[in-house]
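K.L.:
Show me how the following folds:
(2 chains)
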Number of protein chains: 2
Amino acid sequence: MTENPIPSDVDPTLEADVFSRNCSSRAVLQNATSRWGLLALVALRDGDLRFSALRRRVDGVSERMLSQTLQALERDGFVNREVLQAIPPRVEYSLTELGSAAAERLSDLIDLVEGHISEVHESQEAHDARRNG
Amino acid sequence: MTENPIPSDVDPTLEADVFSRNCSSRAVLQNATSRWGLLALVALRDGDLRFSALRRRVDGVSERMLSQTLQALERDGFVNREVLQAIPPRVEYSLTELGSAAAERLSDLIDLVEGHISEVHESQEAHDARRNG
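P.N.:
Presented below is the predicted three-dimensional model:
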């Protein structure tokens, strides 16, 4: 039938523990927090988007990378992909309930980093100064 | 003097916008949400840790990767590295205020994913069944 997505060395009755190297939640977290996964999820908080619009929003992503990213997020149940009856057919992406909850938490993290970016730059400069002499 | 950590094509007077490809906050976010960065930050929420203890907690990380991860987090101002006077000298890592705030948000995300891991597995199985059949 279907491939079992849980590695065979993981006991599925155990609670998920991301600190354990075999925990399947690690890969799911990585899909959601990857360079492009994080931005795609947060971009979809503003509303459903077609592929091309999402690609414009996530500045710098290639078609191939965005496509792979969305496929992983769809597989994990974070993103819905809907083919709309139209000529030509349109494909729209939206957040699931789980994806929306994840995007909210990622958005909090982005706000934190953007709000402290001057402090981060000061830390980087001080660190580089110490290393350079 | 020191290297300017802000790429020269970025106007530092602009507000940080992680959706812009040149925004320096992207790299900072990536350090905090990387496979090992995320786990190291959240592990340090339970208290300061020596390198070896942190490595045991973040199951599966190599010495080299953990060292690179901690150096990036220290440079960005998320982690403090303190050399304690002892024989032999001890190095302890702790969260800064910013690192602690980031770790709290990442911890929320981990709780979300771990709490919904059955739902994620069901989505993965359904997705793989559609693709294979």
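
K.L.:
do the helix or strand containing A:Asp128 and chain B meet at all?
P.N.:
According to DSSP states H and E, A:Asp128 maps onto helix A:117-132. Yes. Using CB under 8 Å from any CB of the partner chain, helix A:117-132 reaches chain B at A:Ile117, A:Glu119, A:Val120, A:His121, A:Glu122, A:Ser123, A:Gln124, A:Glu125, A:His127, A:Asp128, A:Ala129, A:Asn132. All C-beta spots, glycine's among them, are computed from the backbone N, C-alpha and C.

K.L.:
In this structure the fifth one contacts B:Asp76, no?
P.N.:
This points to A:Glu122. No. With contacts counted by CB atoms under 8 Å, A:Glu122 stays clear of B:Asp76, the gap being 10.6 Å.

K.L.:
Name the residue in the two with the higher neighbour count.
P.N.:
With neighbours defined as other CB atoms under 10 Å in any protein chain shown, A:Glu122 and B:Asp76 compare such that B:Asp76 has more, 28 against 13.

K.L.:
contacting residues around that one?
P.N.:
Contacts for B:Asp76 (CB atoms under 8 Å, 6 or more residues apart in numbering or on different chains) come out as A:Val120, A:Ser123, A:Gln124, B:Val28, B:Asn31, B:Ala32.

K.L.:
ok, so of those residues, who is nearest B:Asn80?
P.N.:
For these, the residue nearest B:Asn80 by CB to CB is A:Ser123; the value is 10.4 Å.

K.L.:
can you pull the pLDDT of that closest one?
P.N.:
The model reports A:Ser123 with a pLDDT of 97.

K.L.:
mind listing the helices for chain A?
P.N.:
Counting by DSSP state H, chain A has helices at residues A:25-33, A:35-43, A:51-57, A:63-75, A:97-115, A:117-132.

K.L.:
which stretch among the ones you listed comes nearest B:Ala102?
P.N.:
helix A:97-115 (6.0 Å).
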